[in-house]
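>>> Okay, here's the prediction I keep looking at, along with the sequence it came from:
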Amino acid sequence: MKVCELLDAESKWTQKSEARDINQSPALFDHPAAVCWCFVGAIFCCYERDTADEVMCRVYRYLGLTDRPTVYGIVKWNDAPGRTFEEVRTVARELDI
């Protein structure tokens, strides 16, 4: 499954946690009760570790982030005030991830 398929509705995206359960409590991205994910949580949910690292590097370049590539740069972008689901979904679609 691709990130753009996992995040196919705004209700499946979150901020300030890698994932959340049905009660909106924070959860790990791979927890069976997870029903929504941040961008990084969705990447880890959809891809094995090595592939996830490659995908995150692609996302980092696409977003034009200039500091050293880390998970936190993408988390910061995902969690930015005013960030929208459509912006996240557009990146996933454009990169076909």
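Received, thanks.
>>> now K12: how far from R68?
29 Å (Cβ to Cβ, to the nearest Å). C-beta coordinates here come from the backbone N, C-alpha and C atoms, glycine included.
>>> Look at those two and report which has more neighbours.
K12 (17 against 8; other Cβ atoms under 10 Å).
>>> you'd agree that one is up against F39?
No - counting by Cβ atoms under 8 Å, K12 sits too far from F39 to count as a contact (11.5 Å).
>>> which residues sit against the lengthiest helix in the chain?
Longest helix in the chain, counting residues (DSSP state H): helix 49-63. Contact with helix 49-63 is made by 3, 39-40, 43-44, 46-47, 69, 71, 73-74, 77, 91, 94-95, 97, as judged by Cβ atoms under 8 Å, 6 or more residues apart in numbering.
>>> Swap in 10 Å and give it another go.
With contact meaning Cβ atoms under 10 Å, 6 or more residues apart in numbering, helix 49-63 is reached by 2-3, 39-40, 42-47, 65-71, 73-74, 77-78, 87, 91-92, 94-97.
>>> from what I can see V40 touches V75, true?
Yes - under the criterion of Cβ atoms under 10 Å, V40 makes contact with V75 at 5.4 Å.
>>> residues shared between the contacts of these two?
With Cβ under 10 Å, 6+ apart as the test, V40 and V75 both reach E18.
>>> between the two, who's got more neighbours?
V40 (24 against 18).
>>> Give me the number of neighbouring residues for E48.
So E48, with other Cβ under 10 Å, has 8 neighbours.
>>> Renumber starting at 11 from here on
Shifting the count to begin at 11 puts that one at E58.
>>> What distance do you get for it to Y82?
Separation of E58 from Y82 (Cβ to Cβ) stands at 21 Å.
>>> Where do the helices of this structure begin and end?
13-16, 49-56, 59-73, 81-89, 95-104.
>>> Nearest residue to the residue most central in space within the chain in space, ignoring adjacent ones along the chain?
Nearest residue to the geometric centre of the chain (Cα atoms, centre = their mean): F49, 0.9 Å. Spatially, and ignoring its direct neighbours in sequence, F49 is nearest to N88 (4.3 Å; Cβ to Cβ, 6 or more residues apart in numbering).
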